[in-house]
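S.K.: here's a sequence, model it:
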Amino acid sequence: MNFYVMTLFPEMVEQGMQTSIMGRAMKKGLLSLQAVNIRDYTEDKHHKVDDYPYGGGAGMLMQAQPVFRCYEEIIRRVKEGVSDGRDGAEAEPARPRVVYLTPQGERFCQPMARELAKEEHLVFLCGHYEGIDERVLEEIVTDYISIGDYVLTGGELAAMVVMDAVARLAPGVLHNEESADFETFHNDLLEYPQYSRPEVWHGKPVPPVLLSGDHRRVQAWRVEQSKSRTQARRPDLYHRYCQKQFFIQFMIKKGKIQHMDMIESLRRGRGEIVQATEDGVVVRDGEAKVYMLAAFQESKAGEIIQWLGEVEDGWQYVLHQECLLGPLEQRLLSSGKLPYPGFLARKCIMPVYLTVYTQGNARHIRKDLEFQSLGMEFLEEVLGHYHLAGGTYIEERLRSGNLYGAFADGCLAGFAGIHQEGSLGMLEVYKNYRRQGIGQALEAYLINLHLSMGYTPYGMVGVENHASLEMQKKMGLCISRGQAYWVTLGESHNA
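M.R.: Numbers count the residues shown, from 1 in each chain. Alright, predicted model coming up:
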């Protein structure tokens, strides 16, 4: 991940970011930072970058020209860096996102950090004085972000806040990968209180449950502490948490296995409820760009589809009842997203069964195989064996550390992974290693990985993939009675 900061005070940014965890990640080459001085690109001989605003008013305004020239230099560096790393490829790199830190921007939050963490290059623009000439903002800025409803003397501190939150989500930056997700604000709950030695300090003992060695009791205590702390300190978050829990329980009653993707999306803090009533529920996963819809009354299917609001390009849909297919097609047709009636039925639908591991115990892991997360060096090999998703999607899964390989005697024998929305899939065993139980071993490894994080492992298997369905049964997974329908207008990646 590469950060570029357009600033009047590059030393401030460099000194703030090159320490502690961020500093170690830069030394390892996991992150890079270039703080570029906007003053170097002014045409004024005194390196002046500000002037009085037209129309009068207090203060000075940063001029458009030095900011734009600084931006052009960063684009040149991005292109140069991409060219150096792609072995002569001629494709033009995509222009990076440019984040302008301003009180007028969208409030920064953890889901936004996860979204930005997918980018290979991020540019931050730090304003000063009374702001920046609007014309250059219109030309180069893609994202307006605020870290809070207050005013700072400049954007550097805000940029460092955003960079820190984004960088820690990059693979390898944190030693303990789980700590990137299981902490403050996870699933709308604040973090539980924590204790270290000594056992008694200032007459205050560590809560006895933490000394019991009973992991289930410890986990239950932590959840209750998180709830009570959130209710007291952040009632807004607690209200959102309670709303989610109510509809999770409601969907469990309507069919736990059939709706496990929606349930887990909410449990893991990924999904947000768009709309929910006794007639149906719509969940939106902004990171994976997936809508999940359930209709509990067939007559309400059309109304539930309307809850989607404006149809967004590049999004996919998981429909849990067949009655939702017709209204969705009409919704997409009316928005101009489909070329003709019947397009969905012919081109875009993959009927699937949901498979869910409901047992709480971990699976046995074979000792003769080595399992590890695959890096980008395996991209070409993976693409050579797996053809159910495009290269962009597989590259993203590798970069995020969500594709895992099984090695036999040091050789890659197969791989499987975790999809963007959280389901298990992408299972492929190389021809010479088939019928040796490696597919089951890979799935067992992913099941244990999810159990260790407190997740319920689940997958989506095409209704015609009988071999995979049989393997799910052998592995002890429950299979939904009804079908769900994965609708995609782009790459399909649910297998």
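S.K.: tell me, how many residues neighbour the nearest residue to R233 once chain neighbours are set aside?
M.R.: Distances taken as C-beta to C-beta, 6 or more residues apart in numbering place L190 nearest to R233, at 6.3 Å, with adjacent residues excluded. From N, CA and C alone the C-beta is placed, and that goes for glycine too. Number of residues near L190 (other C-beta atoms under 10 Å) recorded here: 22.
S.K.: now G425
M.R.: 20.
S.K.: over to the one 5 residues further on?
M.R.: Residue crowding around Y430 was assessed by other C-beta under 10 Å; the count is 16.
S.K.: phi and psi next, for it.
M.R.: Torsion angles at Y430 (phi, psi; degrees, to the nearest 10) stand at phi -70, psi 150.
S.K.: my guess is it contacts L412, does it?
M.R.: Yes: the criterion here is C-beta atoms under 8 Å, and Y430 meets it with L412 at 7.3 Å.
S.K.: distance of the residue nearest to R233 from R222?
M.R.: L190 sits 11 Å away from R222, going by C-beta to C-beta, to the nearest Å.
S.K.: and what about G414, helix, strand or coil?
M.R.: strand (DSSP: H, G, I helix; E, B strand; the rest coil).
S.K.: surely I74 is within a helix?
M.R.: Yes: counting by three-state DSSP, I74 is part of a helix.
S.K.: which residues sit in contact with it?
M.R.: The contact partners of I74, by C-beta atoms under 8 Å, 6 or more residues apart in numbering, come to 4, 6, 34, 36, 96, 123.
S.K.: repeat the analysis, applying 10 Å as the threshold.
M.R.: For I74, the contacting residues are 4-6, 34, 36, 96, 98, 121, 123, 125, 140, by C-beta atoms under 10 Å, 6 or more residues apart in numbering.
S.K.: among the residues you listed, which ones are in helices?
M.R.: Of the positions in the contacts of I74, I140 sit in helices, assigned by DSSP state H.
S.K.: so which of the contacts of I74 is the closest to F343?
M.R.: F343 has its nearest neighbour among the contacts of I74 in P96, at 34.1 Å by C-beta to C-beta.
S.K.: burial check on the closest one, number of neighbours?
M.R.: The burial count for P96: 17, using other C-beta under 10 Å.
S.K.: that one contacts T142, doesn't it?
M.R.: Yes: contact criterion C-beta atoms under 10 Å: P96 and T142 qualify, at 8.4 Å.
S.K.: run through who's touching the helix or strand bottoming out on mean pLDDT in the chain.
M.R.: Counting by mean pLDDT, DSSP states H and E, the chain has its least confident helix or strand at helix 343, which shows a mean of 85. Here helix 343 makes contact (C-beta under 10 Å, 6+ apart) with 329, 332-333, 337, 349, 489.
S.K.: ok, stretch 56-72 next?
M.R.: Contacts of stretch 56-72 (C-beta under 10 Å, 6+ apart): 4, 6-8, 36-44, 47-54, 98, 123, 125-141.
S.K.: now list the buried members of these.
M.R.: Buried members of those, counted by 16 or more other C-beta atoms under 10 Å: 4, 6-8, 36-39, 41-42, 49-50, 98, 123, 125-129, 131-133, 136-137, 140-141.
S.K.: show me which positions of stretch 465-477 end up buried.
M.R.: Quick answer for stretch 465-477 (16+ other C-beta under 10 Å): 468-469, 471-472, 475, 477.
S.K.: taking these one by one, which sit in helices?
M.R.: Among these, the ones falling in helices (DSSP H) are 468-469, 471-472.
S.K.: list just the nearest of the residues you listed to K227.
M.R.: Nearest to K227 out of these is Q472 (C-beta to C-beta; 34.1 Å).
S.K.: does the closest one touch G425 like I think?
M.R.: No: under the criterion of C-beta under 10 Å, Q472 is not in contact with G425, lying 11.5 Å apart.
S.K.: need the residues touching each of the two.
M.R.: Common contacts of Q472 and G425 (C-beta under 10 Å, 6+ apart): 443, 459, 461.
S.K.: show me what contacts the first one?
M.R.: Read it as E443. By C-beta under 10 Å, 6+ apart, E443 lies in contact with 355, 357, 363, 416, 424-425, 427, 457, 459, 468, 471-472, 474-475, 477.
S.K.: cool, and the last one?
M.R.: For V461, the set of contacting residues under the criterion of C-beta under 10 Å, 6+ apart consists of 352-355, 423-425, 427, 467-469, 471-472, 477, 479-480, 494-495.
S.K.: tell me how many other residues crowd the residue lying closest to M350 once chain neighbours are set aside.
M.R.: Of all residues not flanking M350 in the chain, W486 sits nearest, at 4.5 Å (C-beta to C-beta, 6+ apart). By other C-beta under 10 Å, 21 other residues sit near W486.
S.K.: show me what W486 is bridged to.
M.R.: V318, M350 (DSSP bridges).
S.K.: wait, doesn't it sit right on M460?
M.R.: Yes: taking C-beta under 10 Å as the definition, W486 is a contact partner of M460 at 6.6 Å.
S.K.: which strand is the longest one in this structure?
M.R.: Longest strand of the chain, by residue count under DSSP state E: strand 97-107.
S.K.: how far out from the middle of the chain is it?
M.R.: Counting by C-alpha atoms, centre = their mean, to the nearest Å, strand 97-107 is centred 20 Å from the centre of its parent chain.
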